[in-house]
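[1] Sequence and predicted structure below; questions after.
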Amino acid sequence: GAGVSQTPSNKVTEKGKYVELRCDPISGHTALYWYRQSLGQGPEFLIYFQGTGAADDSGLPNDRFFAVRPEGSVSTLKIQRTERGDSAVYLCASSLDSGVYGYTFGSGTRLTVV
Amino acid sequence: AQSVTQLDSQVPVFEEAPVELRCNYSSSVSVYLFWYVQYPNQGLQLLLKYLSGSTLVKGINGFEAEFNKSQTSFHLRKPSVHISDTAEYFCAVSLYGGSQGNLIFGKGTKLSVKP
């Protein structure tokens, strides 16, 4: 596609529920990043994929968060047993190379846990 | 560890006036430096970046930034702003020469351009 696509754009869920957030990167981009942006803050790194593998997942806050990229294209961020503190905008970005020189962000998914 | 400080959370300015958005970073090693812009309800867009070479970097929409190693700063400037520049601006750093581009972002500066 022309840009990085994230779905849904908005998601409201109840505390304790499971959610999946999808990222469709630019075609051919091997690097994929997930960030989380809480209200009033800058984005915070969650996880980096190079191809199918998670090259760095050091930003995932706890074991309720998990992400996959099984075919090296679309990625899904999965959150189990959601908490109100998980409410944020989740951003995805992709790049042709490692992303060291910058990358293209999607519009994000706004997750609200009630 | 790297960190980024954006000194102003909000900057109001009149149309056609000059603007400077300040960014300071802290790092024990060399870094790459970036400015991203976020328009309402949109993702982040890369404005400009400093990787190496000339310390004055020009970006899109008439913005420029100057890397000052001694001051550990990377301030963003525009000589004459437009209403359409109203957005939130984020300064970010990544590890120089690293194998991946994890970014450390500042908290952002909201630029509000008034007619």
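    Good, I have the coordinates. Numbering: from 1, shown residues only, chains lettered A, B, ... in the order given.
[2] My read is that A:Tyr101 contacts B:Lys49, right?
    Yes - A:Tyr101 is within contact range of B:Lys49, at 6.8 Å (criterion: Cβ atoms under 8 Å). Placement of C-beta: from N, CA and C, glycine included.
[3] Quick check: neighbours shared by these two?
    B:Tyr32 (Cβ atoms under 8 Å, 6 or more residues apart in numbering or on different chains).
[4] more crowded one of those two?
    B:Lys49 (18 against 15; other Cβ atoms under 10 Å in any protein chain shown).
[5] what sits against that one?
    B:Lys49 sits next to A:Tyr101, A:Gly102, B:Tyr32, B:Leu33, B:Phe34, B:Trp35, B:Val57, B:Gly59 when contact means Cβ under 8 Å, 6+ apart.
[6] What's opposite it in the beta bridge?
    B:Phe34 (DSSP bridges).
[7] Give me the local confidence score for B:Ala1.
    pLDDT recorded at B:Ala1 is 78.
[8] For it, list the residues it contacts.
    By Cβ under 8 Å, 6+ apart, the residues touching B:Ala1 are B:Ser27.
[9] Could you list the contact residues of chain A toward chain B?
    A:4, A:31, A:33, A:35, A:40-45, A:48, A:50, A:55-56, A:59, A:91, A:93, A:95, A:98-108 (Cβ under 8 Å from any Cβ of the partner chain).
[10] residues in contact with A:Ser58?
    A:Phe45.
[11] and the contacts of B:Lys49, which are buried?
    Neighbour-count burial (16 or more other Cβ atoms under 10 Å in any protein chain shown) is assigned, among the contacts of B:Lys49, to A:Gly102, B:Tyr32, B:Leu33, B:Phe34, B:Trp35, B:Val57, B:Gly59.
[12] nearest to B:Ala87, of those?
    Nearest to B:Ala87 out of the buried ones among the contacts of B:Lys49 is B:Trp35 (Cβ to Cβ; 11.3 Å).
[13] Quick check: which element contains the closest residue to that closest one other than its chain neighbours?
    Excluding the flanking residues, the one nearest B:Trp35 by Cβ to Cβ, 6 or more residues apart in numbering or on different chains is B:Leu47, at 4.3 Å. Using DSSP states H and E, B:Leu47 sits in strand B:44-50.
[14] helix or strand right after that strand?
    Downstream of strand B:44-50 (by DSSP H and E), the next one is strand B:56-58.
[15] Can you name every helix or strand that the helix or strand that that following strand is followed by contacts?
    Next in sequence after strand B:56-58, counting helices and strands by DSSP H and E, comes strand B:64-68. Packed against strand B:64-68, as judged by 3 or more Cβ pairs under 8 Å, 6 or more residues apart in numbering or on different chains; DSSP states H and E, are the following elements: strand B:31-38, strand B:44-50, strand B:56-58, strand B:73-78.
[16] Run through the residues that contact A:Arg22.
    A:Gln6, A:Thr7, A:Val74, A:Ser75, A:Thr76.
[17] Just the buried residues of those residues.
    Neighbour counting by 16+ other Cβ under 10 Å classes A:Gln6, A:Ser75 among the contacts of A:Arg22 as buried.
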